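Asks: whatever this is, show me its structure:
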Amino acid sequence: MASSSIASDGGPQIAGECIVFYLVPGFSMLALSSAVEALRLANYVLGCNAYDWRLASRDGRHVNADFGFEVPATADLESERKQLASSGRPSLVLVCANSGVASPRDRALEAWLRECRLRGVTIGGLGSASHIIAEAGLLNRHRCAVHWKEWPSFGEKFPEVQPSYALYHGDGGIWTCAGGSSAFDMMLQIVSQNRGDHVAASICDEALIDQLRPPSARQRVPLSRRSIITNKKIVAMMEQMQMNLTEPLSIEDLAARVQLSRRQVERLFRELLGLSPVRYYRELRLKQANILLTQTDIQIVEIAISCGFASASHFSKCYRESNGMSPQQARKALRPRRIQSTGALVCAA
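Replies: Numbering: from 1, shown residues only. Model prediction:
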């Protein structure tokens, strides 16, 4: 199969293009199927096999998806490295990982990705594959899409990378998406850049989708749209709390921003949420801390500081009161781990 060139904007110049999906154990089946479906529909709309793809894994054998379903691969990592110097060289390589859970390091995979870039192959990642591409040193000084649950840990681990809440990003010949259905949007954007907006619009028609979501679309529905609370000032205050977890604002300051008094805020929070604004704010910070505890190796004292607690002891006290266990116990009990023999994601006992 003839390889294709790379467009000047970093997107693949598609002409009988070959795409390799590299499957990481525990990868998101939703993200993979969404990306492949976008390509299948593109072929259907165009009336030809403009896209071809193959599935690869470390040893060329089957890989378990996030819910245990086995997906067979047709190529191994070594054969893919050889393909880079042959007519079967892909124009786009996409690493498929799990959404919201970082994968263990794989030095051979990282070396292959670096070689792909040296040979002009566009690379990308679905879900937490942004971690893998960053570990390979390919995202420094680049923007990338990161799942909202991974954002706190990603920023701590890769200070040279610019993580984003965007659904997907194409920056410097590297495409990343937050996972899930955003993989469909990212692939549709690639198709649109190389085959035209009309092709992407036709794909949306076939998939019963209103329109292609732009990268700027938010990963999470704004609080004002998903909350049962209709008081706009309280919703605005809750959103301000969410945006200021590392350096918490005082309740007086928050109240002033929405033009309410401290007494009014206290009353409305208790009426609408059944707890004080201080307690609600603390619970938000504890949820953030829980993500860092279960997804990273960051020291607990650093987690405490990054989530707005004055000390590790104060953080531990608040965490125990809220969760019935210490942060150390939570890290041991709740942190996801991988079973290497199956690739399945389980929760540590």
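Asks: for residue 136, grab the count of nearby residues.
Replies: 21 (other Cβ atoms under 10 Å). (Glycine included, C-beta is placed from N, CA and C.)
Asks: an error on my part: the question was meant for residue 281.
Replies: Residues near residue 281, counting by other Cβ under 10 Å: 24.
Asks: the one 3 residues further on too?
Replies: The burial metric for residue 284, expressed as a neighbour count using other Cβ under 10 Å, is 17.
Asks: low-confidence ranges, the protein, go.
Replies: 1-16, 99-103, 218, 220-227, 334-349 (pLDDT under 70).
Asks: can you show me the strands along it?
Replies: 17-23, 51-57, 63-64, 70-71, 75-76, 92-96, 122-126, 143-145, 162-164, 168-171, 174-177, 336-339, 344-347 (DSSP state E).
Asks: and the third one, which strands flank it?
Replies: Based on DSSP bridges, the pairing partners of strand 63-64 within the sheet are strand 70-71 (antiparallel).
Asks: just how off-centre is the strand it pairs with within its chain?
Replies: 22 Å (Cα atoms, centre = their mean, to the nearest Å).
Asks: hmm, who's touching it?
Replies: Residues outside strand 70-71 that contact it (Cβ atoms under 8 Å, 6 or more residues apart in numbering): 23, 29, 32, 55, 62-65.
Asks: any chance of these in JSON lines, plus distance to residue 127 and neighbour count?
Replies: Below are the contacts of strand 70-71 laid out as JSON lines (distance: Cβ to Cβ, whole Å; neighbours: other Cβ atoms under 10 Å):
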{"residue": "23", "distance to residue 127": "11", "neighbour count": "23"}
{"residue": "29", "distance to residue 127": "10", "neighbour count": "16"}
{"residue": "32", "distance to residue 127": "9", "neighbour count": "22"}
{"residue": "55", "distance to residue 127": "16", "neighbour count": "19"}
{"residue": "62", "distance to residue 127": "19", "neighbour count": "15"}
{"residue": "63", "distance to residue 127": "14", "neighbour count": "24"}
{"residue": "64", "distance to residue 127": "15", "neighbour count": "21"}
{"residue": "65", "distance to residue 127": "11", "neighbour count": "24"}
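Asks: just the closest of those residues to residue 140, please.
Replies: residue 23 (25.5 Å; Cβ to Cβ).
Asks: the strands of the chain: which one's closest to residue 211?
Replies: Nearest to residue 211, of these and by Cβ to Cβ, is strand 168-171 at 14.9 Å.
Asks: the helices in the stretch 51-200 of the chain, which residues?
Replies: Using DSSP state H, counting those that start in this stretch, the helices assigned to the stretch 51-200 of the chain run over residues 77-83, 107-118, 129-135, 151-157, 182-195, 197-206.
Asks: now for those, which one comes closest to residue 303?
Replies: Smallest distance to residue 303 across the helices of the stretch 51-200 of the chain (Cβ to Cβ): 8.9 Å, for helix 151-157.
Asks: does anything pack onto that closest one? Which helices or strands?
Replies: helix 129-135, strand 162-164, helix 277-295, helix 300-306 (3 or more Cβ pairs under 8 Å, 6 or more residues apart in numbering; DSSP states H and E).
Asks: give me the buried positions along it.
Replies: Neighbour-count burial for helix 151-157 flags 151-154, 157 (criterion: 16 or more other Cβ atoms under 10 Å).
Asks: before we move on, what about stretch 170-185?
Replies: 170-180, 182-185.
Asks: which one of the residues you listed sits closest to residue 114?
Replies: residue 174 (11.8 Å).
Asks: on that earlier part again, out of the helices and strands packed on helix 151-157, which one sits most buried?
Replies: Compared across the helices and strands packed on helix 151-157, helix 129-135 shows the largest average neighbour count, a mean of 26 (mean count of other Cβ atoms under 10 Å).
Asks: neighbouring contacts of that one?
Replies: Under Cβ under 8 Å, 6+ apart, the answer for helix 129-135 is 24, 94-97, 102-103, 105-106, 109-110, 113, 123, 125, 139-140, 144-146, 150, 154, 157-158, 161, 163, 174, 176.
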